[in-house]
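Undergrad: I would like the atomic coordinates for the input below:
(chains A and B)
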Amino acid sequence: MTDTAFEGQPVSVQADSLPGGVADYIALLKPRVMSLVVFSGLAGLVVAPGALHPVLAVVALLCIAVGAGAAGAINMWYDRDIDAIMERTRGRPIPQGRVNPDEALAFGVVLSVASVLLMGLAVNWVAAAILGFANAFYVFVYTMWLKRRTPQNIVIGGAAGAFPPMIGWAAVTGDVTIGPLLLFCLIFFWTPPHFWALALFRSGDYSRAGVPMLPVVAGEAATKRQMLAYTLLLLPIAIAPHWFGVGGIAYLVGATGLSLLFIVCAVRVMLDKTHRAAKQMFAYSILYLFLLLAILIGEKLVA
Amino acid sequence: MANTTVPSSAPSPAPDPVLDAAERARRQRGKNLALFFSLLGFVALIYVVAIVRMGLNAPGH
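TA: Modelled structure (predicted):
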């Protein structure tokens, strides 16, 4: 497998002559992304009917975290050429020359296989299969296929990030029902406005790297319209878990209020000529998902 | 993640080979220790999981 988009282009980054330390290998796992993935996995684990032994629950979360991190490491290996061009990603260990790309690939593959096997042997094979599928989807479908080819990259590729609650749920019940599907839909429809808010104020970066993000290909106005459409769509999807018994009254109230605020953010982005509102919306989108999942978890723990 | 190195046209000072070797050894030792504790943790985890699962499969559970 080779990087096809920018072969032969010079990488204008000064390489570090020293090999990377432990911190560089931890950075390969994208710990900040991992934290939200683990939290959404925890939400699935907690709200699922039934109970899982606490040790096995910790193992399930560990597998979700390591699996997501491993997929991130493989993503960094594949995207090392564009990471070196983009300001946001230029400081990553591979473009900086602190970690050898082959080592990063081996690191990612070993951790990915280990996390799936451990999930299967310790918890159950349904959760392991979904974890393996999510990792493969992120690496092969999003990173290698869609990211450099279509402005819908994060719409379809966003599915990879939507699997963790389903994995957590399946770890408890051993199956997939309407509940985890609703949580999947919640994150799936949340991803486009979240990512496009980032892409709006980083469009120069994506443009230089040749990544066809929506603001680069369709322009800012079209992106802002799509963001508003997705936030409107997200309102009924966000409150749906209540109607299917996954969330209670507190969740219904919280999801309605937070989703309405998300819509307000999208409207502000449409009216804003600068990128200030987009930055605020990006920050709010993270808080939005975190709070929704926190309410779900809190309600279940209190009940 | 911080953008730590910005390409510059100014010549950078020559690296000190003694310091480089010491830093290289320090980083390698850190990686070795991290790998050792990761493997130790993995073995302990498998051990604990095996005990828990045997307990769950025991009669009367």
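Undergrad: which SS state does residue A:175 fall under?
TA: coil (DSSP: H, G, I helix; E, B strand; the rest coil).
Undergrad: What backbone torsions are found at it?
TA: Dihedral pair for residue A:175: phi -150, psi 180, per degrees, to the nearest 10.
Undergrad: mind listing what it touches?
TA: residue A:126 (CB atoms under 8 Å, 6 or more residues apart in numbering or on different chains). Heads up, the C-betas are built off the backbone N, CA and C, glycines and all.
Undergrad: how close does it sit to residue B:58?
TA: Distance of residue A:175 to residue B:58, computed by CB to CB, to the nearest Å: 24 Å.
Undergrad: Same check on residue A:290?
TA: From residue A:290 to residue B:58 the distance is 39 Å (CB to CB).
Undergrad: which of the two has more neighbours?
TA: With neighbours defined as other CB atoms under 10 Å in any protein chain shown, residue A:290 and residue B:58 compare such that residue A:290 has more, 15 against 8.
Undergrad: Does the more buried one touch residue A:35 like I think?
TA: No: the pair residue A:290 / residue A:35 is not scored as a contact, 9.4 Å apart, by CB atoms under 8 Å.
Undergrad: how about residue A:166, what does it touch?
TA: A:44, A:130, A:176, A:180, A:181, A:183, A:184.
Undergrad: looking at it, the fourth one is touching residue A:45, isn't it?
TA: No: the pair residue A:180 / residue A:45 is not scored as a contact, 10.5 Å apart, by CB under 8 Å.
Undergrad: what's near enough to touch the closest residue to residue A:68 other than its chain neighbours?
TA: Of all residues not flanking residue A:68 in the chain, residue A:37 sits nearest, at 4.3 Å (CB to CB, 6 or more residues apart in numbering or on different chains). Residue A:37 is in contact with A:64, A:65, A:68, A:161, A:164, counting by CB under 8 Å, 6+ apart.
Undergrad: please redo it, this time with the cut-off set to 10 Å
TA: A:30, A:61, A:64-65, A:67-69, A:71-72, A:134, A:160-161, A:163-165, A:167, A:187 (CB atoms under 10 Å, 6 or more residues apart in numbering or on different chains).
Undergrad: Helix, strand, or coil at residue A:89?
TA: Applying three-state DSSP: residue A:89 is coil.
Undergrad: residues near it, how many?
TA: 19.
Undergrad: what residues are up against it?
TA: Counting by CB under 10 Å, 6+ apart, residue A:89 touches A:76, A:79, A:80, A:82, A:83, A:95, A:205, A:209, B:1, B:3.
Undergrad: again, only this time at 6 Å
TA: For residue A:89, the contact set (CB atoms under 6 Å, 6 or more residues apart in numbering or on different chains) comprises residue A:83.
Undergrad: and what of the one 3 residues further on?
TA: Residue A:92 is in contact with A:76, A:83, counting by CB under 6 Å, 6+ apart.
Undergrad: helix or strand for it, which one?
TA: Counting by DSSP states H and E, there is no helix or strand that carries residue A:92.
Undergrad: ok, now how distant is it from residue A:76?
TA: 6 Å.
Undergrad: Then residue A:214?
TA: Residue A:214 is 23 Å from residue A:76, by CB to CB.
Undergrad: Equivalent analysis for residue A:222, please.
TA: Residue A:222 is 30 Å from residue A:76, by CB to CB.
Undergrad: Looking at the two, which has the bigger crowd around it?
TA: Counted by other CB under 10 Å, residue A:222 and residue A:76 do not tie: residue A:76 has more neighbours, with 26 against 13.
Undergrad: In what element of secondary structure is the more buried one found?
TA: helix A:54-78.
Undergrad: downstream neighbour of that helix in the secondary structure list?
TA: Downstream of helix A:54-78 (by DSSP H and E), the next one is helix A:80-85.
Undergrad: What mean pLDDT does the helix or strand containing residue A:266 get?
TA: Assigned by DSSP H and E, residue A:266 falls within helix A:249-271. Helix A:249-271 shows a mean pLDDT of 97.
Undergrad: and the residue nearest in space to the middle of chain A, what element?
TA: The centre of chain A sits closest to residue A:161, judged by CA atoms, centre = their mean, with a distance of 3.9 Å. Assignment of secondary structure by DSSP H and E places residue A:161 within helix A:159-162.
Undergrad: Report all helices and strands that that helix contacts.
TA: The contact analysis (3 or more CB pairs under 6 Å, 6 or more residues apart in numbering or on different chains; DSSP states H and E) places helix A:159-162 against helix A:178-201.
Undergrad: Now do the helix it packs on: everything it contacts.
TA: With CB under 6 Å, 6+ apart, helix A:178-201 has contacts from A:44, A:154-155, A:158-159, A:162, A:165-166, A:169, A:213-215, A:223, A:227, A:230-231, A:233-234, A:237-238, A:240-241, A:244, A:246, A:275, A:278-279, A:281-282, A:285, A:289.
Undergrad: Go through those residues and flag which are in helices.
TA: Residues of the contacts of helix A:178-201 located in helices (DSSP state H): A:44, A:154-155, A:159, A:162, A:165-166, A:169, A:214-215, A:223, A:227, A:230-231, A:233-234, A:237-238, A:240-241, A:278-279, A:281-282, A:285, A:289.
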